[in-house]
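>>> Build me a model:
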Amino acid sequence: MGIMDGIKVVELGVWVAGPAAAGMLADWGADVVKVEDLQSDPFRGALSAVADFSAPFDLDNRGKRALTIDWRSDEGAEIVRRLVDTSDVFISNLRPGGLALAGLDYETLRARNPRLIYTSITGYGLNSSEANRPAFDVGAFWSRSGIAGLLGSPDGEPGGIRPGLGDHTTATQALAGISAALYHREKTGEGQQVRLSLLRSGAYTIGWDITAALSGAEVMARTRDEHPNLLISPFRTADDRYMWLLMMQGDRFWPQFCAAVSHPEWEHDPRFRTLVDRAENTVPLGVAIDAVMATKTRDEWGAIFDREGVWWAPVQTMPEVLADPAMAEAGAWVAQPTPSGETRTLASPVDFDGTPWALRGPAPEFGQHTEEILQELDYDWDAIIAMKDRALIP
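As a prediction, the model looks like this:
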């Protein structure tokens, strides 16, 4: 059960962005059918020789049903079209050219099911001259949008990305678009196409920088000492841990910070009195703050800052994140049913007070529900066995 209970979704996607959007719908109670070709979603065995990606795959595919079929063949594509005929949402992050060749493009499916919400996630946009260009999130979302350059070093070396960061951001935006389109359909009875690209999602993610550049500002990678407000920067503590200061309103918090670090004389130092003064003297200010922060542990500074009303956050390692009570209190963990019991896993990011959701199970095995889904489409066992003989299904 969940807020999307009764919604039928067909996902024809690979890797992360499309499957993640469908995965959140499954979390919320939708009946999601994951369609894979006979070679499977490549994420199933990604880098298996050097790393275990089974947990990330499960995060984006749990609670779905799996249909494996040669959907590029005429017969297989028609079976997928029949499945979509009675569905509410179609999601794909495959290149549009390949979908069109199979007759699984928006125009074809909409003609058969005018109420369909057809969701297209591409690298560079459906109307782009590069609509069919391959694009992982590290390419379109991270590199080409400018994020990597801005998070790199001033000498030009780009910053790295964590796996799935851009894909999950874009998938969440897709979910917002799908929800809005379903609301519009509720009012009008009409389906429509929801369009997203990794490139545009990346640009919106750094929208402050993009709009500043559009207005003529110089936007580039900067070191900490070049930041106009050092009071929203990370500092190392005596135990070699880091804490991030969160004083966006530098002048408002400056007196409290000076009192907290036992340097009241800084408040009226002509180099540091105002935000403008501090911006012009970031190097001596950074040296001074570094020296004082190195005198106490992060926990000691945390207690002092909380008492003095100084805003901050810990820079946590992954073991610290997993043990942080705030994660549990935020609802970040959810019980995952498994054959041997329940295990803790990560929840998708939204809860609903009136329609709570719960996981229904792990990611499906390859082709696990193929026969079940075909029977729902009124294929009998003779027809299903004949499909196997023709290598249409495994």
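
>>> as a whole number, average confidence for stretch 307-323?
Mean pLDDT, computed over stretch 307-323, is 97.

>>> Compute the first-to-last residue distance for that stretch.
Distance between the two ends of stretch 307-323: 24 Å, counting by C-alpha to C-alpha, to the nearest Å.

>>> buried stuff in it?
Along stretch 307-323, these residues count as buried under the neighbour rule (16 or more other C-beta atoms under 10 Å): 310-312, 314, 316. Using the backbone N, CA and C atoms, a C-beta is placed for each residue, glycine as well.

>>> cool, and stretch 359-370?
Within stretch 359-370, the residues scored as buried using 16+ other C-beta under 10 Å are 359, 362-364, 366-370.

>>> Quick one: residues in contact with the helix or strand of the chain with the lowest mean pLDDT.
Using mean pLDDT, DSSP states H and E, the weakest-scoring helix or strand in the chain turns out to be strand 333-338, at a mean of 88. Contact with strand 333-338 is made by 58, 62, 327, 342-347, 358-362, as judged by C-beta atoms under 8 Å, 6 or more residues apart in numbering.

>>> Quick check: can you name the pairing partners of it and their directions?
Counting by DSSP bridges, the strands paired with strand 333-338 are strand 341-346 (antiparallel).

>>> shouldn't Arg115 be in contact with Phe90?
No. Using C-beta atoms under 8 Å, Arg115 makes no contact with Phe90, being 11.3 Å away.

>>> coming back round to it: out of the contacts of strand 333-338, who has the most neighbours?
Compared across those, Arg62 has the highest neighbour count, 22 neighbours, by other C-beta atoms under 10 Å.

>>> Got the confidence number for that one?
96.

>>> Return the distance of it relative to Pro56.
11 Å (C-beta to C-beta, to the nearest Å).

>>> Please name the residues that touch Thr122.
By C-beta under 8 Å, 6+ apart, the neighbours of Thr122 are 93, 95-96, 128, 131, 135, 195-198.

>>> Which secondary structure state is assigned to the most centrally placed residue in the chain?
Geometric centre of the chain, nearest residue: His168, 1.4 Å, by C-alpha atoms, centre = their mean. Secondary structure for His168, judged by DSSP: H, G, I helix; E, B strand; the rest coil, is helix.

>>> just checking, it touches Pro19?
No. If you go by C-beta under 8 Å, His168 and Pro19 don't touch, sitting 10.7 Å apart.

>>> Identify, from the buried residues of stretch 307-323, the entry nearest to Ala66.
Gln316 (35.5 Å; C-beta to C-beta).

>>> Now stretch 254-271: average pLDDT?
Averaged over stretch 254-271, pLDDT sits at 97.

>>> and it, how far apart are its ends?
13 Å.

>>> what about it, distance to the chain center?
Centroid separation for stretch 254-271 versus its chain: 40 Å, with C-alpha atoms, centre = their mean, to the nearest Å.

>>> Can you pick out the residue with more neighbours from Arg115 and Phe90?
A direct count of neighbours by other C-beta under 10 Å for Arg115 and Phe90 places Phe90 higher, at 29 against 14.

>>> So what does that one have for phi and psi?
Phi and psi for Phe90, reported as degrees, to the nearest 10, are phi -120, psi 130.

>>> and what of Ala303?
The phi/psi pair for Ala303 (degrees, to the nearest 10) is phi -60, psi -40.

>>> and it, how far is that from Ala288?
Ala303 is 21 Å from Ala288, by C-beta to C-beta.

>>> So the two - more neighbours on which side?
Ala288 (18 against 12).

>>> Isn't that one up against Val261?
No. With contact defined as C-beta under 8 Å, Ala288 and Val261 do not form a contacting pair (9.0 Å).

>>> Secondary structure for the buried residues of stretch 307-323 - can I get that in JSON lines?
Output for the buried residues of stretch 307-323, formatted as JSON lines (three-state DSSP):
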{"residue": "Val310", "secondary structure": "coil"}
{"residue": "Trp311", "secondary structure": "coil"}
{"residue": "Trp312", "secondary structure": "strand"}
{"residue": "Pro314", "secondary structure": "strand"}
{"residue": "Gln316", "secondary structure": "coil"}
